[in-house]
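Engineer: build me a structure from this.
(one chain, ligands or ions: 3)
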Amino acid sequence: MTVTIVGSQLGDEGKGALVDRWGGDADVIVRYQGGDNAGHTVVEGGDEYKLSLVPSGAVRDKIGVLGNGCVVNPRTLFEEIDGLRDRGLDPDVRVAKRAHAILPYHRVLDGIEEEVKSDSDLDAGTTGRGIGPTYEDKAGRRGIRIGDLLDREVLRDRLEYVVPQKRALAEEVYGLDVAASDHADAFDVDALLEEYADYGDRLAADGMAINCSQFLHEARQAGDRIMFEGAQGTSIDIDHGIYPYVTSSNPTAGGAAVGSGVGPTVVGQGEVVGIVKAYLSRVGTGPLPTELDGTDREEELADHIRERGGEFGTVTGRPRRIGWLDLPMLRHAARVSGFTGIAVNHVDVLSGLDELKVCDAYELDGERIESMPATTEEWGRCEPVFREFDPWPDVDWSAVAAEGADAGLDALPAETRAYLEYLSDAVDAPVYAVGVGPGREETIELANPFETA
Ligand code: GDP
Ligand code: IMO
Ligand code: MG
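Structural biologist: Ligands and ions are numbered 1, 2, ... in the order given. Purely as a prediction, here's the structure:
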């Protein structure tokens with residue numbers, strides 16, 4: 001029995017909150033792609049946890065797995081685990097030996113390449129965590145895997161092959177004077193070997209390195225329930241998103257199989273829940289047809305939503321761009337991942353507005369289209385066709401959440417219900433949960449996917 005959680009939009013839809021909410025019914029929680037570019041927030045009682053690598057189930061003492069599809073920076077992983085220990089948790093994290101390691105030179109190259117790309121407006125506004133360069137090395141068959149850290153000889157061989165190439169790239173292509181920069185150690189085989197072999201020792205000593213596919217197979221044989229925790233979102237998927245303003249992995253549901261070593265049938269026989277933010281927010285660059293930035297009034301509205309929704313990047317602190325909900329984007333997401341249900345977050349943030357719009361379709365070159373076009377240039381030319389909704393009043397959302405535990409949707413204002421119904425029809429999937437605040441208890445649950453799976 002599996003439940004897969006997928007971001008439906010541009011990341012930061014509130015995936016962490018739902019993984020936390022339903023993770024209580026799971027035994028193992030698996031990240032299948034991405035790395036410490038993710039920032040997943042869990043709010044339990046008064047405590048807020050912002051998790052970049054450790055799967056969100058750690059807060060509930062579940063086993064957290066970083067699958068082979070992830071890129072893992074051991075430095076940040078251990079910092080995060082130690083930080084959680086300081087806060088009284090004892091996270092049990094396993095890392096696939098087939099996952100690729102992020103090394104310091106990946107971060108340096110991420111920064112340099114973004115700067116160079118920005119001259120041509122091709123920078124994605126990355127999180128600077130070295131994600132793209134690490135996946136590049138994976139595809140180029142020169143990457144270093146977590147399993148390689150466990151064997152000093154193998155690690156040395158791998159580093160001796162790749163580091164001179166990375167150094168030449170930095171120096172000869174990008175003109176960085178490595179020796180004179182702050183990054184000399186990032187391109188030094190001996191320094192890297194020392195640090196990364198130590199991480200390998202710690203992974204081995206703590207029994208953290210696993211054969212992910214086999215581990216999950218055995219867990220399933222033993223009757224464990226597995227939750228796949230997607231990071232990022234569909235529109236920044238490397239294949240299905242707004243290339244090149246994307247991340248370098250597959251957040252969509254197919255990634256859960258490839259990135260963990262279970263069959264697609266295992267994912268497909270379970271539930272696939274799309275997490276939807278009731279409007280759009282975006283930290284990176286690229287077009288955004290429904291962005292609220294055209295007029296002073298729109299900018300005021302965006303400021304209001306940004307403040308109210310705390311729309312500042314979890315990883316980087318950057319203010320997020322804000323837009324109206326985009327249904328063509330959601331139809332695309334529902335199709336690519338095969339959503340069996342959706343969870344809609346942040347409906348509290350939209351309360352008390354004096355106007356409320358949803359982009360129902362686009363107009364592209366005089367034609368009405370209902371799904372995202374396949375090129376980012378076309379998407380940039382799309383004009384949103386809006387549909388107006390009656391805004392809902394600001395209410396006591398904690399009280400609504402409490403009442404929702406029994407009354408379900410009836411606890412919500414009628415206008416909110418109309419909005420949700422329209423959304424659910426558009427993606428042809430039922431609403432499983434509605435977020436009315438960041439806390440675990442501030443999600444109105446209409447169905448628990450572990451009970452329907
Ligand atoms: P993720 O990356 O998809 O896990 O999302 P983030 O954690 O990066 O961003 C979502 C933010 O919204 C976090 O600060 C959450 O605590 C918060 N949040 C989640 N659901 C809700 C909701 O329904 N209402 C409000 N107001 N905040 C929410
Ligand atoms: P969670 O899991 C929102 C964006 C970056 C940039 C692009 C590429 O918290 O939803 P990268 O560092 O991955 O190479 O950056 O992707 N991005 C995210 N945006 N939420 C995230 O994760 C993101 N992870 C990456 O802003 O546009
Ligand atoms: Mg996030």
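Engineer: number of residues surrounding residue 316?
Structural biologist: By other CB atoms under 10 Å, 15 other residues sit near residue 316. (C-beta placed from N, C-alpha, C; glycine too.)
Engineer: wait, I meant residue 447
Structural biologist: For residue 447, the neighbour count with other CB under 10 Å is 16.
Engineer: what residues does it make contact with?
Structural biologist: Neighbouring residues of residue 447 by CB atoms under 8 Å, 6 or more residues apart in numbering: 341, 430, 432-433.
Engineer: next, the buried residues of stretch 407-425.
Structural biologist: Using 16 or more other CB atoms under 10 Å as the test for burial, stretch 407-425 gives 411-413, 415-417, 419-420, 423-424.
Engineer: from the residues you listed, which is closest to ligand 2?
Structural biologist: Of all those, ligand 2 sits closest to residue 423, with 19.7 Å by CB to the nearest ligand atom.
Engineer: helix or strand: which one has the closest one?
Structural biologist: helix 414-427 (DSSP states H and E).
Engineer: tilt between the helix or strand following that helix and helix 414-427?
Structural biologist: As assigned by DSSP H and E, the chain's next helix or strand after helix 414-427 is strand 431-435. With axes from the mean of the first three to the mean of the last three CA atoms, to 10 degrees applied, the angle from strand 431-435 to helix 414-427 works out at 140 degrees.
Engineer: could you count how many residues lie near residue 46?
Structural biologist: 6.
Engineer: how about stretch 374-386 and ligand 2, any contact?
Structural biologist: No. Stretch 374-386 lies out of reach of ligand 2 by CB under 6 Å from any ligand atom, never closer than 12.4 Å.
Engineer: and that stretch, average pLDDT?
Structural biologist: On average, the pLDDT along stretch 374-386 is 97.
Engineer: neighbouring contacts of that stretch?
Structural biologist: Contacts of stretch 374-386 with the rest of the structure, by CB under 8 Å, 6+ apart, involve 242-245, 286-287, 289-290, 324, 326, 328, 357-365, 368-369, 372-373.
Engineer: please pick the buried ones from those residues.
Structural biologist: Applying 16+ other CB under 10 Å to the contacts of stretch 374-386, the neighbour count classes 242, 245, 286, 289-290, 324, 326, 328, 357-362, 364, 372-373 as buried.
Engineer: so which of these sit within helices?
Structural biologist: Members of those lying in helices (criterion: DSSP state H): residue 328.
Engineer: and the buried ones among the contacts of stretch 374-386, which of them are in strands?
Structural biologist: Residues of these located in strands (DSSP state E): 326, 357-362, 364.
Engineer: next SSE after the helix or strand hosting residue 160?
Structural biologist: Assigned by DSSP H and E, residue 160 belongs to helix 152-168. With elements assigned by DSSP H and E, the helix or strand that comes after helix 152-168 is helix 189-205.
Engineer: got the angle between that following helix and helix 152-168?
Structural biologist: 140 degrees.
Engineer: what pLDDT, on average, does helix 189-205 get?
Structural biologist: With pLDDT averaged residue by residue, helix 189-205 scores 98.
Engineer: next one: stretch 59-71
Structural biologist: Mean pLDDT, computed over stretch 59-71, is 96.
Engineer: ok, and the closest non-adjacent residue to residue 142?
Structural biologist: Among residues not flanking residue 142 along the chain, residue 162 sits closest, at 4.9 Å (CB to CB, 6 or more residues apart in numbering).
Engineer: what's the answer for residue 400, then?
Structural biologist: Closest residue in space to residue 400, ignoring its immediate chain neighbours: residue 411 at 5.0 Å, by CB to CB, 6+ apart.
Engineer: next, the contact list for the one you found, please.
Structural biologist: 400-401, 403-404, 444.
Engineer: and the stretch 251-400 of the chain, which residues reach ligand 3?
Structural biologist: The stretch 251-400 of the chain comes close to ligand 3 at residues residue 314, as judged by CB under 5 Å from the ion.
Engineer: in the stretch 251-400 of the chain, what residue is nearest ligand 2?
Structural biologist: Counting by CB to the nearest ligand atom, the stretch 251-400 of the chain gets nearest ligand 2 through residue 284, at 2.0 Å.
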